[in-house]
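K.L.:
Give me a model of this one.
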Amino acid sequence: MIDYLRLLDADAADHKAVTGVLRRFPLPPEWGVDLYLLDESTHPTGSLKHRLARALFRDALRRGALAPGATVVEATGGNAAVAQAYVARLLGHPFAAVMPRRSAPEKIARIEDLGGTVHLVHPPLAIYDEAERLAEQRGGHYMNYLAASADAIAASAGGEDDIGHVLFERLPVVPDWIVVGAGSGGTATAIGRRIADISGETRPRLAVVDPENSAYFPGWAYGADDYTTGMPSRIEGIGRPRVEPGFDASVVDVVMPVPDAASLAAMRFLCGTTGLRAGASTGTNLWGALQLVAQFVRDGRRGAIATLICDDGDLYPTTYWSDAWLDEKGIAIEPWTKALEGFQRTGVLEPPSP
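P.N.:
This next block holds a predicted model:
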């Protein structure tokens, strides 16, 4: 009998040396602030969703929800589906991604290249019901990462699939703040629960950064767990039109709204400053982290802040890294780029005037 859990452990061990590398963002030493970035872009599938995929499969296997050889179905066309396609192939499971009809061809190709099949549906919100129907039809398992991610990561506590464990293992100090985005909410919740295990004055605080059209900031501000916007996020991997069940607001200290133009300017600013080419959600993280750095500088405080490089920027050549795409979407990043350049000189980060 195949030892599926051993295969997952082997995948984690094989890639541990090159994933989750801790990097430092260059800041003037006289500011007395360190900014650390945990680089999750070097996973085999290019994003932090690789750890989540392993955790989801591990949890489903342990619970007996996933029978050997059964079809795995997921409702998304993003990095979560790509990572699950990889793990499904590793374990010998057929994989099917249910995606909106207008999904980008390169996303479809990435899933198919890993042996998965793609089912396109319309309207976009129909993907969830269709994934459930397809899994039932095939006698398979609907992974449903939006609902299952937080519990799956919790079940992997202390291992390589637990992003909170990995972050604190790599950091040389306990930071004052950790900054992350929220898609399913699993990453933020996992890190928040890890923080809750720390006592005393060294306990970090957790900031969740939220892009335009997402429900997490207004839901947190109004204390409404059922808040919905009905609008999709343009920043892949984070932001949701509803507050997902995997998001635990009780472990979050603050939710910071971030304009999409700021995210994309910060993404390119990271590359220009460090040579690291990441995706837009990393830009969202960086903008929020730099806002906190600016507060430290203003208040004359010393300390440390940590955030994540979420995925590889080379996954987005026709969108976030395309000037033509920015023009098509009407996103002007130049004023935000100037704000970041000014911050680099002065330590003051002021959003551009409307």
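
K.L.:
use CA for all of it now, contacts and neighbours both
P.N.:
Will do.

K.L.:
where do the helices sit along this structure?
P.N.:
For the chain, the helices defined by DSSP state H cover 4-15, 49-63, 79-91, 105-113, 127-137, 145-155, 163-170, 186-196, 216-222, 260-274, 280-299, 323-329, 334-346.

K.L.:
and for the second one, what are the contacting residues?
P.N.:
Under the contact criterion CA atoms under 8 Å, 6 or more residues apart in numbering, helix 49-63 has outside partners 5, 8, 43-44, 66-67, 79-80, 83-84, 87, 143, 145, 148-149, 152-153, 155-156, 160-163.

K.L.:
Now a ChimeraX select for only the buried ones of these.
P.N.:
In ChimeraX syntax, the buried subset of the contacts of helix 49-63 is picked out as below (16 or more other CA atoms under 10 Å):
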select :5,8,43,66,79,80,83,84,87,143,145,148,149,152,153,155,156,160,161,162,163
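
K.L.:
now the helices of the chain in TSV, with distance to D314 and mean pLDDT?
P.N.:
Converted to TSV, the helices of the chain look like this (distance: least, CA to CA, whole Å; pLDDT from 0 to 100):
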stretch	distance to D314	mean pLDDT
helix 4-15	20	90
helix 49-63	16	95
helix 79-91	13	96
helix 105-113	12	93
helix 127-137	26	96
helix 145-155	24	91
helix 163-170	23	94
helix 186-196	22	93
helix 216-222	27	95
helix 260-274	12	98
helix 280-299	11	98
helix 323-329	15	97
helix 334-346	21	97
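
K.L.:
Mind putting those into JSON lines with distance to R242?
P.N.:
Output for the helices of the chain, formatted as JSON lines (distance: least, CA to CA, whole Å):
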{"stretch": "helix 4-15", "distance to R242": "31"}
{"stretch": "helix 49-63", "distance to R242": "20"}
{"stretch": "helix 79-91", "distance to R242": "18"}
{"stretch": "helix 105-113", "distance to R242": "23"}
{"stretch": "helix 127-137", "distance to R242": "14"}
{"stretch": "helix 145-155", "distance to R242": "11"}
{"stretch": "helix 163-170", "distance to R242": "23"}
{"stretch": "helix 186-196", "distance to R242": "14"}
{"stretch": "helix 216-222", "distance to R242": "7"}
{"stretch": "helix 260-274", "distance to R242": "18"}
{"stretch": "helix 280-299", "distance to R242": "18"}
{"stretch": "helix 323-329", "distance to R242": "23"}
{"stretch": "helix 334-346", "distance to R242": "27"}
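
K.L.:
Cheers, nothing more for now.
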